[in-house]
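> Next input, structure requested:
(one chain, ligands or ions: 1)
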Amino acid sequence: MSMTRIAKWIAQVKNKSYYPARRFIVDLVSRSCNCGHWELSGLPCAHVMAAISHARHTAKEYLPKYFTKQAYLNTYVVMFKPIPDKVTWDRCDRPKLSPPEITKKIGRPKNSRKRAATGQ
Ligand SMILES: [Zn+2]
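Coordinates of the predicted model:
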């Protein structure tokens, strides 16, 4: 990939892995790349990573806070109540559910194989 700086925080990244080579515009201020991956997933794409390293920044500055270790740990701060054992469940007087009955149809079963067309 080759870089061309258009403005202070906007760069044009030429990706030569495509044929013909494609150009992507990366805007570090509005956090957008015209490939759309950054806006869609929140994770910087390869074009953004090239622009970030060219601007001598770190990728950590451009990651959303919900990808941090602290956000992950905050997910499990709340106490989860475990599901009690099946033995302790309340009894139900309703009839027990069973699978539907399968009836065999009359006649020869259809042959799903398709024979090749003969020239005759
Ligand atoms: Zn991109």
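
> Let me know the next secondary structure element after the longest helix belonging to the chain.
When the chain is parsed with DSSP state H, its longest helix is helix 46-54. Next helix or strand after helix 46-54 toward the C-terminus (DSSP states H and E): helix 69-75.

> so for that following helix, what's the average pLDDT?
For helix 69-75, the mean pLDDT works out to 92.

> name the helices or strands packed onto it?
Here helix 69-75 touches no other helix or strand, going by 3 or more C-beta pairs under 8 Å, 6 or more residues apart in numbering; DSSP states H and E. Quick note: C-beta positions are derived from backbone N, CA and C, even for glycine.

> and that helix, how far from the chain's centre?
Relative to its parent chain, helix 69-75 has a centroid offset of 20 Å by C-alpha atoms, centre = their mean, to the nearest Å.

> Touching, His47 and Ser17? I think so.
No. The criterion here is C-beta atoms under 8 Å, and His47 misses it with Ser17 at 11.1 Å.

> Excluding chain neighbours, give the residue nearest to Arg5 in space.
Among residues not flanking Arg5 along the chain, Ala11 sits closest, at 5.3 Å (C-beta to C-beta, 6 or more residues apart in numbering).

> need the contact list for the one you found.
3-5, 25-26, 28, 50-51, 54-55 (C-beta atoms under 8 Å, 6 or more residues apart in numbering).

> moving C-terminal of the particular helix or strand that has it in it, what's the next helix or strand?
Under the criterion DSSP H and E, the helix or strand holding Ala11 is strand 10-15. Next helix or strand after strand 10-15 toward the C-terminus (DSSP H and E): strand 22-27.
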